[in-house]
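# Pasting a predicted model and its sequence here:
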Amino acid sequence: AKMKREFVLNLRTMIVSDLHGDHETCRRLLRREGVLDELGNRLPGWHVVQVGDLIHGGHNENYRDLAMVEHLDWFDVVLIGNHELPHVFPKNGFPRFAGQTPMHSRATDPLKSNPVAYCVGDWLITHAGLHPYLAPLHGVPGNAHDAAEYLNERFEKRLRSREFDPLFDSVGRARGGWDLLGGIFWCDWHDMRWTDKYPVKQVMGHTPRVRHNGYENDPTGNLWCVDAGAGLSGMVSALISTDGGGWRGVSLKRGRDDINNPRVSDDSDLIGSVPLHDPPDGDDMGTGDTYLLRAFTHRAFPDRKPG
């Protein structure tokens, strides 16, 4: 997909967190911030991007995922996340996730042409983040617009070849994989922080920041993570563009109004739901899920070695 900077001129941008099928809490947040009217229709003046994991795709929650896909018109851009990936492209050998269960094609077919990367101004947006050490190793350009185009074009090649590509297939050790770092579907926020080797500013989801009200930035202000767990935690978060070219975070918890003050929960609350994906700070993945993922990786790519 071609990236067009001019598309978002004079519009406020909202980047919505992982949703995991939680259409109701998402609707309430978009309504509160003035993106939707009382009937759920889009209001003018906004450009809305969703970072992926729109659907959950696991634990037999088809009804929620179908309901979520029915509201694609809430967003201008919806990225592919690691929860969509093995469902939308089931024959391409992408890593599965713990708790994955079959999905109806009505929930996956509308997502087949969605991009894996996007840019807003000079910000690159992917589901889990492009690690600063991986980018130069794999020839990713050093500006957001060109990087997004490069990643989308390379992903199309990956679909055609069905061959392992570190930018899309790598699963880092923080997520129970064999690779040192994860690609843009499986990178962990804890691996992204404190790195300054890649000049592009980035926004990503994938790693719940429940203890931070669903969003967090690194000390430089050049990296933002927006993920509150959504269907897994009952909280949805988003970033809204500011006049200075940065972001401010907003969030809403199911059954409450604004929760932008005290910490209301803990990332470890999510470990029971998705132990493969979202370990709390300092937690090392459960061995059962680690072995599950490694067994799949070996089966899909038998020539790969740990390391």
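Right, received. Where do you want to start?
# what about the helices in this protein?
Under the criterion DSSP state H, helices of the chain are mapped to 23-32, 62-69, 85-88, 105-108, 134-137, 144-161, 166-169, 189-192, 287-300.
# hey, least reliable of those helices by pLDDT?
Across the helices of the chain, helix 287-300 has the smallest mean pLDDT, namely a mean of 38.
# would TSV of the helices of the chain with mean neighbour count be doable?
C-betas here are computed from N, CA, C, even on glycine. Below are the helices of the chain laid out as TSV (neighbours: other Cβ atoms under 10 Å):
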stretch	mean neighbour count
helix 23-32	20
helix 62-69	19
helix 85-88	23
helix 105-108	16
helix 134-137	17
helix 144-161	17
helix 166-169	22
helix 189-192	20
helix 287-300	15
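# Would you format those as JSON lines with distance to Leu181 included?
Below are the helices of the chain laid out as JSON lines (distance: least, Cβ to Cβ, whole Å):
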{"stretch": "helix 23-32", "distance to Leu181": "30"}
{"stretch": "helix 62-69", "distance to Leu181": "29"}
{"stretch": "helix 85-88", "distance to Leu181": "18"}
{"stretch": "helix 105-108", "distance to Leu181": "28"}
{"stretch": "helix 134-137", "distance to Leu181": "6"}
{"stretch": "helix 144-161", "distance to Leu181": "16"}
{"stretch": "helix 166-169", "distance to Leu181": "8"}
{"stretch": "helix 189-192", "distance to Leu181": "6"}
{"stretch": "helix 287-300", "distance to Leu181": "15"}
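# Out of those helices, the one nearest Tyr215 is which?
Among those, the nearest to Tyr215 by Cβ to Cβ is helix 189-192 (10.7 Å).
# Pull that closest one out as CSV, backbone CA atoms only.
Below are the C-alpha coordinates for helix 189-192, written out as CSV (Å, rounded to 0.1, in the frame of the first residue of the first chain):
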residue,chain,number,x,y,z
TRP,A,189,8.3,-3.4,24.1
HIS,A,190,10.8,-4.4,26.7
ASP,A,191,13.3,-5.1,23.9
MET,A,192,12.5,-1.8,22.1
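# That one packs against which elements?
Helices and strands touching helix 189-192, by 3 or more Cβ pairs under 8 Å, 6 or more residues apart in numbering; DSSP states H and E, are strand 201-204, strand 223-226.
# returning to that earlier point: and Ala238, which of the helices of the chain is closest to it?
helix 23-32 (6.4 Å).
# Let me see the ranges of the strands in the protein.
Secondary structure of the chain (DSSP state E): strands located at 12-16, 46-50, 77-78, 117-120, 123-126, 201-204, 215-217, 223-226, 235-241, 247-253.
# Contacts only, for the closest residue to Leu137 other than its chain neighbours.
The shortest distance from Leu137 to any non-neighbouring residue, by Cβ to Cβ, 6 or more residues apart in numbering, is to Pro166 (8.0 Å). Counting by Cβ atoms under 8 Å, 6 or more residues apart in numbering, Pro166 touches 134, 137-138, 179, 183.
# And Pro166, how close does it get to Pro141?
Note on Pro166: its distance to Pro141, by Cβ to Cβ, to the nearest Å, is 17 Å.
# So, low pLDDT: which residues of the stretch 1-150 of the chain?
Applying pLDDT under 70 to the stretch 1-150 of the chain flags the ranges 1-10, 59-63, 65.
# I'd like to know which of the contacts of Pro166 is nearest to Gly45.
Of those, the one sitting nearest to Gly45 (Cβ to Cβ) turns out to be Gly183, at 34.5 Å.
# can you count the residues close to the nearest residue to the closest one once chain neighbours are set aside?
Take Gly183 and drop its neighbours on the chain: the residue closest to it by Cβ to Cβ, 6+ apart is Ser170, 4.3 Å away. Applying other Cβ atoms under 10 Å, we find 24 residues neighbouring Ser170.
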